[in-house]
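Enquirer: pasting a predicted model and its sequence here:
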Amino acid sequence: MRETDIVRRLGELRQYRNRAVIEGIGDDCAVVRPAPDSDFVFTTDFVLEDRHFTLKEHKPEAIGHKALARSLSDLAAMGSEPVFCLVSLALPANLAGKWIDGFYKGLLTLAREHKITLAGGDLSRFDKVIVDVMCCGRVPKGKALLRSGANLGDNIYVTGVLGAAAASNWSRPPEPRVAAGRRLRGLASACMDLSDGLSLDLTRLCTESGVGAEILSASIPIARGANLDQALNGGEDYELLLTAPPSVRIPKKIGTLPLTRIGGIISRKKPAITLDGYPLRPAGFDHFGDMK
Ligand SMILES: [Mg+2]
């Protein structure tokens, strides 16, 4: 199959058309018209063969789903509504038929669910599969949820349950918390998504906010089949981690998704985290942690 055939087939795929996308696949660039009084937020994520998945273990549909889910999770963390994505894909020639169809089927099924339009991208031949997904979302001007807004006395919450991904290895596809992120706009003082594990991600949030945190192991919502270590350090949960002042009522549920208070912001000084009163070492997934 030639690149032009793949692009033509992509253009024929049934997908959600976001009104902001004036021109999508087929031209040199996509044309997107910003709504007045809104900010755009952007994120990009790699999904790499033999790093994030293997062709033997993972179906193309699951890889397509996960590639978009990672970026959508970042859009959710900012409290934004998804607008459009660009997907660049490099792959060996022998995957250009059925595999590529499965990949885009998985990606576009999730895209329709979250009302995001695939507006373009790039295709290339390479000896391994490399996926890069860029996503754009919109928020009302100045209303993006940031990591840097946590204050002394704030409560700390997480959505859903933690540790499921570490305990099950992809058996449950990640569900980006886009609706929850939007609902938390104007409520949360700080927010981020949990991609690399609670211990590491909470440290990042505290560093950006210039605060310290205390969390309680008995409060952490651990997924069935997972243990405390997986809930703290497992990563890939794609739940939201947020803070809010005590004066703000955070709902117990958003839709069917539970929110749980796991601790509080206790210091204005160091980004130190304690678990049940003892220092918690950030031990989640650091992409360069194995490099010297
Ligand atoms: Mg993130």
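Expert: Perfect, thanks for sending it.
Enquirer: ok, residues contacting stretch 94-107?
Expert: For stretch 94-107, contacts defined as Cβ atoms under 8 Å, 6 or more residues apart in numbering pick out 1, 6, 9-10, 13, 55, 59-65, 67-68, 87, 89, 91, 118, 129, 131. In this view, the C-beta of every residue, glycine as well, is placed from N, C-alpha and C.
Enquirer: and that stretch, average pLDDT?
Expert: The average pLDDT within stretch 94-107 is 93.
Enquirer: helix/strand/coil for the most centrally placed residue in the chain?
Expert: Relative to the mean C-alpha position of the chain, the nearest C-alpha, by Cα atoms, centre = their mean, is the one of S73, at 2.2 Å. When classified by DSSP: H, G, I helix; E, B strand; the rest coil, S73 comes out as helix.
Enquirer: what's the answer for D229, then?
Expert: Applying three-state DSSP: D229 is helix.
Enquirer: neighbours around it, how many?
Expert: Using other Cβ atoms under 10 Å, D229 has 14 neighbouring residues.
Enquirer: look up how far the ion lies from it.
Expert: Going from D229 to the ion by Cβ to the ion, to the nearest Å gives 22 Å.
Enquirer: all strands for this protein, in order.
Expert: Here the chain has its strands, by DSSP state E, at 21-23, 31-32, 38-48, 81-91, 117-125, 130-140, 155-159, 190-194, 212-215, 239-244, 253-254, 257-267, 273-275, 278-279.
Enquirer: what residues does the stretch 51-200 of the chain have near the ion?
Expert: D74, D193 (Cβ under 5 Å from the ion).
Enquirer: mind doing that once more with 8 Å?
Expert: Within reach of the ion by Cβ under 8 Å from the ion, the stretch 51-200 of the chain has these residues: S73, D74, A77, M192, D193, S195.
Enquirer: ok, and the most crowded of the residues you listed?
Expert: Neighbours here mean other Cβ under 10 Å. Within those, the largest count is held by A77, at 34 neighbours.
Enquirer: show me what contacts it?
Expert: Shown in contact with A77 (Cβ under 8 Å, 6+ apart): L145, G181, C191, M192, D193, L240.
Enquirer: quick check, nearest of these to the ion?
Expert: The ion lies nearest to D193 out of these, by Cβ to the ion, at 4.4 Å.
Enquirer: just to be careful, could you list which of the contacts of stretch 94-107 are in helices?
Expert: Members of the contacts of stretch 94-107 lying in helices (criterion: DSSP state H): I6, R9, L10, P60, E61, A62, I63, G64, H65, A67, L68.
Enquirer: report the buried members of these.
Expert: I6, L10, P60, E61, A62, I63, G64, H65, A67, L68 (16 or more other Cβ atoms under 10 Å).
Enquirer: for the last one, give me the pLDDT.
Expert: Reading off the confidence values, L68 has pLDDT 97.
Enquirer: check the first one too.
Expert: pLDDT, I6: 75.
Enquirer: ok, now the third one?
Expert: The score at P60 is 96. That number is its pLDDT.
Enquirer: residues touching it, list them.
Expert: Applying Cβ under 8 Å, 6+ apart to P60 gives the contacts L95, K98, W99, I100, D101, G102, F103, K105, G106.
Enquirer: most neighbours, which of those residues?
Expert: In terms of neighbour count, F103 stands highest of those at 24 neighbours, by other Cβ under 10 Å.
Enquirer: any idea how far that residue is from K66?
Expert: Distance of F103 to K66, computed by Cβ to Cβ, to the nearest Å: 10 Å.
Enquirer: same question, L145
Expert: In this view, L145 and K66 are 23 Å apart by Cβ to Cβ.
Enquirer: G225 too?
Expert: The gap separating G225 from K66 is 20 Å, by Cβ to Cβ.
Enquirer: which of the two has more neighbours?
Expert: Of the pair G225 and K66, K66 is the one with more neighbours under other Cβ under 10 Å, namely 24 against 12.
Enquirer: tell me the contacts of the more buried one?
Expert: Contacts of K66 (Cβ under 8 Å, 6+ apart): V47, H52, F53, W170, P173, P174.
Enquirer: what is the nearest of the buried ones among the ones in helices among the contacts of stretch 94-107 to D39?
Expert: Using Cβ to Cβ, L68 comes nearest to D39 of those, at 21.6 Å.
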